[in-house]
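In: No sequence on hand, only this structure:
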């Protein structure tokens, strides 16, 4: 059976329009030198942390790794597993980012029933002998709980993260320095992941 030429052209036209519309649903492949929006680090633990300082450190380290990174005003959600908030998505569009990086400080002992993600371990659970530590020093060694910094890298337009893992870190006696090394390791891991894409 032969279709009239007009019918064949109509079918081809409809198919090409359908293909164009489905292609618009998919975000374009990130260009080389993709921009990463870094959401303010969230603190879902009871350990005090200077989240603005941690966020600045993370952004600075990404830039040192030759990644176009910008700090966001919107914060990482306190939910787990990590997911983009409406605020994150809107700000990422305004800043023309290809990716959003979420980071959240967590204490595994506060969430014992949650499944554990793969992790990068930094240091171990060792006693504090710092005399400036109000909990240690002259009163003897203090064992600090390890904290996790869970982080997820999302590509704009996708719900599933490109990278979803955590860094295990032992808080230092100096609260202002707590978790800075974790930010360094996170930036290195994210940089490695982005270079693969």
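Out: Nice, I can see it. Since the structure is predicted, the reported quantities are computational estimates derived from the model, not experimental observations. Numbering: from 1, shown residues only.
In: I'd assumed residue 62 was in contact with residue 191.
Out: Yes: contact criterion C-beta atoms under 8 Å: residue 191 and residue 62 qualify, at 6.5 Å. Quick note: C-beta positions are derived from backbone N, CA and C, even for glycine.
In: Between these two, point out the one with more neighbours.
Out: residue 62 (24 against 17; other C-beta atoms under 10 Å).
In: That one against residue 189, yeah?
Out: No: when contacts are counted by C-beta under 8 Å, residue 62 is not listed as touching residue 189 (10.7 Å).
In: Output the lowest mean pLDDT helix or strand found in the protein.
Out: strand 127-128 (a mean of 39; mean pLDDT, DSSP states H and E).
In: wait, residue 154 sits on residue 193?
Out: No: look at residue 154 against residue 193 with C-beta under 8 Å: they stay out of range, at 11.8 Å.
In: More neighbours: those two, which one.
Out: residue 154 (26 against 14).
In: Could you pull up the contacting residues of that one?
Out: 84, 99-102, 161-162 (C-beta atoms under 8 Å, 6 or more residues apart in numbering).
In: list residues touching both of residue 154 and residue 193?
Out: With C-beta under 8 Å, 6+ apart as the test, residue 154 and residue 193 both reach residue 162.
In: you'd agree residue 102 is in a strand?
Out: Yes: judged by DSSP: H, G, I helix; E, B strand; the rest coil, residue 102 forms part of a strand.
In: what sits against it?
Out: 39, 42, 76-77, 82-84, 88, 151-154.
In: Just list whatever residues bridge to it.
Out: residue 152 (DSSP bridges).
In: would you list every one of the helices in the chain?
Out: Taking DSSP state H, the helices of the chain run over residues 5-25, 51-64, 86-94, 180-196.
In: where does this structure have low pLDDT?
Out: For the chain, applying pLDDT under 70 flags the ranges 1-3, 8-10, 12-32, 111-145, 170-176, 197.
In: swap the cut-off to 90 and go again
Out: For the chain, the stretches flagged by pLDDT under 90 are 1-33, 45-49, 78-80, 107-148, 159, 168-179, 195-197.
In: thinking again about what came up before, want to throw the helices of the chain into CSV with distance to residue 167?
Out: Formatted as CSV, the helices of the chain follow (distance: least, C-beta to C-beta, whole Å):
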stretch, distance to residue 167
helix 5-25, 34
helix 51-64, 11
helix 86-94, 20
helix 180-196, 5
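In: Which among the ones you listed is found nearest to residue 166?
Out: In terms of C-beta to C-beta, the element of those nearest to residue 166 is helix 180-196, at 9.0 Å.
In: list the buried ones in that closest one?
Out: If you call a residue buried by 16 or more other C-beta atoms under 10 Å, then helix 180-196 has these buried ones: 180-191, 194.
In: Between those residues, which sits nearest residue 51?
Out: residue 183 (10.7 Å).
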